[in-house]
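Trainee: Return a 3D structure for these sequence lines:
(chains A, B and C)
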Amino acid sequence: MTGVVSPMAAPAALRGAGAWKPAELLFWTLPVIGWFAFPENLPLLTQIAITALFALSLDLVLGVAGMVTLGHAAFFGVGAYAAGMLPAYLGIGDPLLGLVAAAAAAALAGALTSPLMLRGSGLSQLMVSVGINAMLYEAANKATEVTGGVDGLPGVENTPLFGMWSFDLYGRTAYVYAVVVLLLLFWMARRVVRSPFGVSLRGIRLNAARMPALGVPVNRRLAVVWTLAAAYAGVAGALLTQTTQFVSINVLGFDRSAEVLLILILGGAGHLYGALVGAVAYMSIHHLLADIDPEFWQFWIGLIFIVVVLFARDGALGAAARIRDLIRNLILGRGASR
Amino acid sequence: MTAPALETRGLCKAFGSFVATNAVDLRIAAGSRHAVIGPNGAGKTTLVNLLSGLFRPTSGTVHIDGQDVTRLGQHERVRRGLTRTFQINRLFADMTVLESVAMAVAERQGLGRRFWKPLASYGAVMDEAAQLIEGLRIADAAHSRTRDLAYGKQRIIEIALALASRPRILLLDEPAAGIPTRESRELFATLADFSADTTILLIEHDMDLVFRFADRVSVLVGGALLVEDTPARVASHPLVKEVYLGTAQHV
Amino acid sequence: MTILFDGIASGMLLFLISSGLSVTLGLMGIINLAHGAFAMLGGYVCVVALDRYGIPFPVAVLMATLSAAAAGVALERLVYRRLYGAGQLDQVLFSIGLIFVSMALARWLFGPQPQPIRLPGWLQGQVQLPWIEIGVYRAFLIVLGLVVAVTLHRAVGVTRFGARLRAAVDRPAVARGLGIDVDRVFVVAFAIGSALAGLGGAVGVELLGLDPSFPLRYLVYFLIVVVVGGSGSFEGSLVASVLIGIFDVAGKYYVPQVGSFIIYTVMVVMLIVRPQGLFGRPSP
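Mentor: Got it, this is the predicted structure:
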């Protein structure tokens, strides 16, 4: 092989791939706008941020690495209970310590379940994820002395954040706390998916059969991202516990697993931002529908599932990209390509 | 005498009652270009799958440089210098050419577990990927998405991905399948440039290509080795003419 | 002994409903998580027919079966067929959507409360056999389950329709080439799957209860049967259902503090140890 470095060896577009685009910075002004625009609704906005983090965690396994799971609430729940038990039983009320403990507990659950998930593929993988979720739900349901069972685990008291900001009645601290954690974890996820490791995960999603022939231990990589995503989901669960000061058994519910899947698909899987956009869209729709029609909102949510599958399969970001392409083609007069 | 680069001993693979590979003893000397030919259904691709570790043999062993690798998985054999291409493209449709080749290069450099710095910031990886792409004369497609490329170009990427792992032993499963004769000539010329000291095991249908490219030829029939010799002598072997070349001319 | 009997009875009921899923998910390969919605439909039709219109039980059950089949045909024609080529994820999302819609409709029409069912006199009471006292209703479930099992076994295993269905699923192009109307075969199969759900849902109201959360509550159970029994195997579904019924009833009776945990564990272990199920063909 020759030692000549070609002129295309430094493709500027790729070198700059790590930089934040203006559109991204614009997106992150939304939480600030939300703070000023909806001061009465901060608890709802906090919920959105938590849901976004949960969907982001699913995007790591499903959107990036291509593992289909219908039991992601398992890890959300583990994190939620971990963050609840720490103050309730050990009297450790520091929220940051709670997050770390939740992440560790969920990561452990992820590491333990990853061999089960990686045994099969396709339908059996999906079923395993449902089974694990159901097992944990039932365990939490029956271990009433520890979890409170269906009555939930009340009285989760957290000490002030950094010893300075206590969780106030209006949810101001909670909101800022949740958004900052989301931003921090998003930034990390963004780095991870652009790294060699992240690119190899994309490779596995696009063609899992080729990767071993490039020297990639596919199952080991998937086990790592499964564990990482579990930790992310655990943090999301912990945020819910800390901001609502209560753990309901619903944190482990099958509906939650199904819902987060819809949110991710609604926003568009594999882009990270899809998870955030999906969470904002879904939670807003949910909130509005439940306001307008408290009896019947589930019908509309179900209808959204159906419509998304039939007509908007690549999600909001995909739809946006198609509209953008269309406009660009119209302006440039090239006509619709593809 | 040093151990052959790649060797099989009594290699068998059965799918139920169907024996796809039958007691194959193959020795491929380091640096040689060894072709395996045979009629359709002779078990050529099965052999490649066994050598690369995609399949586990029913019995028998596979050795790289004299070391038994029968129990090693595909990725572990790649680490030991054995890489393959696929008869049917296995590419990364949504990645650009540069991205997918850079990914393969990063894996070879052992960077696949790095999770913090962007892949594009690893200069050594990007340079090597760019060089490889240029060397294979597909530089103009470097930033195109794989799915948007013509089949002939995709076929070259299939090979580029394998070369990215800098194999000492390269298994080529019909690399020129489905591309026009003139292009396949070019492809083989490039391959010859790129892999001067690589041991190559080639599966190919085009006899002209085989006889020009290979220095040894094995004939596989019904999963078993029939003959192994130089191209010229295989071509004139009466048994080979009967079972293989006789039918091949009608295809 | 009674527990064993009850276990077999609830296993048979589970089989009645799940055998339909064994057709749509097992044979046709559609991840139809909304299977329980068809069973719920059957349940409501049966209850309404009995209570509001005083229709005799067997006729009400027949109506339930037919209306679930009709709903199955309509949905197959309208939407499910568009999903045959789609990925698992689409099928999962779509069928979950269907579950939500069905639950909301059920709550809107009938309210959130559980629906009581008045079984006809001939299904009530106990029969004293020499060694055991058995409930007539449960005995009825067992007999019905066996009848359906034998019928299905003959229908799919022996008749030409069964052969056509398998051909249409495994090699649609070849099947078309052989003159098989693949679309028609799929509609019929889907109708059968839904009808079985409706039948099971109707006769099962007494045992399983009936309220809008039905499709989600029992979803995992239906899936377990298909998973443990092996895709598309009715023998497998039957054995798996009965085993699960016995385990579940016995588990809840002897170790109530563990509840359904055992069943879920069985499912996961089964998937790990024997992904093709008890009677399934190993996938190629």
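
Trainee: contacting residues around the residue nearest to residue C:82 when sequence neighbours are not counted?
Mentor: Excluding the flanking residues, the one nearest residue C:82 by Cβ to Cβ, 6 or more residues apart in numbering or on different chains is residue A:310, at 6.7 Å. Every residue, glycine included, has its C-beta placed from N, CA and C. Applying Cβ atoms under 8 Å, 6 or more residues apart in numbering or on different chains to residue A:310 gives the contacts C:79, C:82, C:94.

Trainee: Buried members of these into ChimeraX, please.
Mentor: Command for ChimeraX that selects the buried part of the contacts of residue A:310, burial taken from 16 or more other Cβ atoms under 10 Å in any protein chain shown:
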select /C:94
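
Trainee: which among the contacts of residue A:310 gets closest to chain A?
Mentor: Within the contacts of residue A:310, the smallest distance to chain A is 4.3 Å, found for residue C:94 (Cβ to the nearest Cβ).

Trainee: Just the CA atoms of the helix or strand that contains that closest one, as PDB, please.
Mentor: Here residue C:94 sits within helix C:88-110, counting by DSSP states H and E. What follows is helix C:88-110, C-alpha atoms only, in PDB (Å, rounded to 0.1, in the frame of the first residue of the first chain):
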ATOM      1  CA  GLN C  88     -42.500  -6.800  13.800                       C
ATOM      2  CA  LEU C  89     -42.400  -3.300  15.300                       C
ATOM      3  CA  ASP C  90     -45.200  -2.200  13.100                       C
ATOM      4  CA  GLN C  91     -47.300  -5.200  14.000                       C
ATOM      5  CA  VAL C  92     -46.700  -4.700  17.600                       C
ATOM      6  CA  LEU C  93     -47.600  -1.000  17.600                       C
ATOM      7  CA  PHE C  94     -50.600  -1.500  15.400                       C
ATOM      8  CA  SER C  95     -52.000  -4.300  17.600                       C
ATOM      9  CA  ILE C  96     -51.400  -2.300  20.800                       C
ATOM     10  CA  GLY C  97     -53.300   0.600  19.200                       C
ATOM     11  CA  LEU C  98     -56.100  -1.800  18.500                       C
ATOM     12  CA  ILE C  99     -56.000  -2.900  22.200                       C
ATOM     13  CA  PHE C 100     -56.300   0.700  23.400                       C
ATOM     14  CA  VAL C 101     -59.100   1.500  21.000                       C
ATOM     15  CA  SER C 102     -61.000  -1.600  22.000                       C
ATOM     16  CA  MET C 103     -60.600  -0.900  25.700                       C
ATOM     17  CA  ALA C 104     -61.800   2.700  25.300                       C
ATOM     18  CA  LEU C 105     -64.800   1.500  23.300                       C
ATOM     19  CA  ALA C 106     -65.700  -1.100  25.900                       C
ATOM     20  CA  ARG C 107     -65.500   1.400  28.700                       C
ATOM     21  CA  TRP C 108     -67.600   3.900  26.800                       C
ATOM     22  CA  LEU C 109     -70.300   1.300  25.900                       C
ATOM     23  CA  PHE C 110     -70.400  -0.800  29.000                       C
END
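
Trainee: quick check, it touching chain A?
Mentor: Yes. Using Cβ under 8 Å from any Cβ of the partner chain, we find that helix C:88-110 touches chain A at C:88-90, C:92-94, C:96-105, C:107-108.

Trainee: So which elements touch that helix?
Mentor: Judged by 3 or more Cβ pairs under 8 Å, 6 or more residues apart in numbering or on different chains; DSSP states H and E, helix C:88-110 is in contact with helix A:123-142, helix A:254-267, helix A:297-311, helix C:35-53, helix C:214-217.

Trainee: Helix C:88-110 and the third one, what's the angle between them?
Mentor: Orientation of helix A:297-311 against helix C:88-110 (axes from the mean of the first three to the mean of the last three Cα atoms, to 10 degrees) gives an angle of 150 degrees.

Trainee: Then the second one?
Mentor: What separates the directions of helix A:254-267 and helix C:88-110 is an angle of 120 degrees, with the same axes, to 10 degrees.

Trainee: Against which helices or strands is helix A:254-267 packed?
Mentor: Helix A:254-267 packs on helix A:42-58, helix A:73-90, helix A:123-142, helix A:273-292, helix A:297-311, helix A:315-332, helix C:88-110, going by 3+ Cβ pairs under 8 Å, 6+ apart.

Trainee: In PDB, please show the C-alpha coordinates belonging to it.
Mentor: Only the C-alpha atoms of helix A:254-267 are listed here, as PDB (Å, rounded to 0.1, in the frame of the first residue of the first chain):
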ATOM      1  CA  PHE A 254     -46.800  -3.100  30.400                       C
ATOM      2  CA  ASP A 255     -48.600   0.100  29.200                       C
ATOM      3  CA  ARG A 256     -45.500   2.100  29.900                       C
ATOM      4  CA  SER A 257     -43.400  -0.200  27.800                       C
ATOM      5  CA  ALA A 258     -45.800   0.000  25.000                       C
ATOM      6  CA  GLU A 259     -46.200   3.800  25.300                       C
ATOM      7  CA  VAL A 260     -42.500   4.500  25.200                       C
ATOM      8  CA  LEU A 261     -42.300   2.400  22.100                       C
ATOM      9  CA  LEU A 262     -45.000   4.500  20.500                       C
ATOM     10  CA  ILE A 263     -43.300   7.700  21.600                       C
ATOM     11  CA  LEU A 264     -40.100   6.700  20.000                       C
ATOM     12  CA  ILE A 265     -41.700   5.700  16.700                       C
ATOM     13  CA  LEU A 266     -43.900   8.800  16.800                       C
ATOM     14  CA  GLY A 267     -40.800  10.900  17.000                       C
END
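
Trainee: Kindly calculate the angle that that helix makes with helix A:123-142.
Mentor: Going by the same axes, to 10 degrees, helix A:254-267 makes 130 degrees with helix A:123-142.

Trainee: Let's test this: mean pLDDT of helix A:254-267, rounded?
Mentor: Across helix A:254-267, the average pLDDT comes to 90.

Trainee: Around chain B, pick out the residues from the stretch 201-338 of chain A.
Mentor: So the stretch 201-338 of chain A meets chain B at A:202-203, A:206-207, A:209-218, A:221 (Cβ under 8 Å from any Cβ).

Trainee: related to what we said a few turns ago, out of the helices and strands packed on helix C:88-110, which is closest to residue C:225?
Mentor: helix C:35-53 (10.5 Å; Cβ to Cβ).

Trainee: give me the number of residues near residue 53?
Mentor: Since you didn't name a chain, this refers to chain A. 28 (other Cβ atoms under 10 Å in any protein chain shown).

Trainee: um, chain B though
Mentor: Residue B:53, neighbours per other Cβ under 10 Å, totals 22.

Trainee: check whether stretch B:130-150 contacts chain A.
Mentor: Yes. Stretch B:130-150 reaches chain A (Cβ under 8 Å from any Cβ) through B:130, B:131, B:133, B:134, B:135, B:139, B:142, B:143.

Trainee: re earlier: make JSON lines out of the contacts of residue A:310 and add pLDDT.
Mentor: Below are the contacts of residue A:310 laid out as JSON lines (pLDDT from 0 to 100):
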{"residue": "C:79", "pLDDT": "83"}
{"residue": "C:82", "pLDDT": "81"}
{"residue": "C:94", "pLDDT": "89"}
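
Trainee: Just the closest of the contacts of residue A:310 to residue A:279, please.
Mentor: Among the contacts of residue A:310, and counting by Cβ to Cβ, the member closest to residue A:279 is residue C:94, at 20.9 Å.

Trainee: Okay then, goodbye and thanks.
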